[in-house]
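A.B. asks: generate coordinates for the sequence data below:
(one chain, ligands or ions: 1)
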Amino acid sequence: MKIYDWPTGPYPARVRIALAEKNLQSQVQFVTVDLWKGEHKTPEFLAKNYSGTLPVLELDDGTLLAECTAITEYLDALDDAPLLTGRTAREKGMIHMMSKRAELELLDAVSVYFHHATPGLGPDVELYQNPEWGLRQRDKAVRGMRYFDGILRKQPFVAGEFFSMADITVIGGLIFAGLVTLPVPDECDALQAWYARMQERPSVKNRVTMSTPAP
Ligand SMILES: N[C@@H](CCC(=O)N[C@@H](CS(=O)(=O)O)C(=O)NCC(=O)O)C(=O)O
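C.D. replies: Take a look at the predicted model:
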């Protein structure tokens, strides 16, 4: 398998964490696509992913899977021992809901802030920016942090009693927040404690780099 990737990207981090949790890293060849040069918006890459985003998983038969959630669900299903996306119908539904909520209320909101209310990937890539919209999304992301803090006051993991894809998505959101210097509010001590605990996982350790410039 190949993964078209940006090594320090928050969304690619989601798939890298999933690969490590499933112990599949050795089966993947990473192909770097340079976001800063706009390589993800070239016709060649758009032919791989209409949305022009990373990561994209390319199977040995040429099948192309984009979208972190889809890629994670595929990887988790490879060995019929789901670890990240749920074993029962209820677990699957809950994990997918909380992962999607983490995208909508946190990760994607931080991404929009980065692309619209900061220089983002630079003027050659950010062809349209709406700073007001970006700032609104920044505020939405902070509300999302407070929401997940409330969830993690009541349960050890984002979707319940065990680690899942939903935790990985929140981790992605906090990685992106760190890269754009959007701090977790001090009063969100449950979210901060959970994040510290997540960073002890071998799959997450060393991924949370505060110094790396935004993707
Ligand atoms: N919904 C997509 C979003 C992926 C995404 O936005 N990826 C970023 C990569 S990174 O910023 O996390 O490194 C990207 O391609 N950004 C480039 C762009 O939006 O122009 C997914 O879940 O895979």
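A.B. asks: quick check: residues of the protein near the ligand?
C.D. replies: Neighbours of the ligand within the chain, by Cβ under 6 Å from any ligand atom: 6, 9-12, 35, 40, 53-54, 66-68, 111, 121, 215. C-beta coordinates here come from the backbone N, C-alpha and C atoms, glycine included.
A.B. asks: redo that, cut-off 8 Å
C.D. replies: Residues of the chain lying close to the ligand by Cβ under 8 Å from any ligand atom are 6, 8-14, 35, 40-41, 51-55, 66-69, 71, 103, 108, 111, 114-115, 120-121, 125-126, 172, 176, 214-215.
A.B. asks: what about these, which are in strands?
C.D. replies: Among the residues of the chain next to the ligand, the members falling in strands (DSSP state E) are residue 66.
A.B. asks: of the residues of the chain next to the ligand, grab the buried ones for PyMOL.
C.D. replies: Filtering these down to the buried ones (16 or more other Cβ atoms under 10 Å) takes a single PyMOL command:
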select buried, resi 6+8+9+10+11+12+13+14+35+40+41+52+53+54+55+66+67+68+69+71+103+108+111+114+115+120+121+125+172+176+214+215
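A.B. asks: the nearest residue to residue 165 once chain neighbours are set aside: how many residues sit nearby?
C.D. replies: Spatial nearest neighbour of residue 165, excluding adjacent residues (Cβ to Cβ, 6 or more residues apart in numbering): residue 84 at 4.5 Å. Neighbour count of residue 84, defined by other Cβ atoms under 10 Å: 22.
A.B. asks: do the same with the one 3 residues further on
C.D. replies: When neighbours are counted by other Cβ under 10 Å, residue 87 registers 12.
A.B. asks: let me see the contact set for it.
C.D. replies: Under the criterion of Cβ atoms under 8 Å, 6 or more residues apart in numbering, residue 87 has no neighbours.
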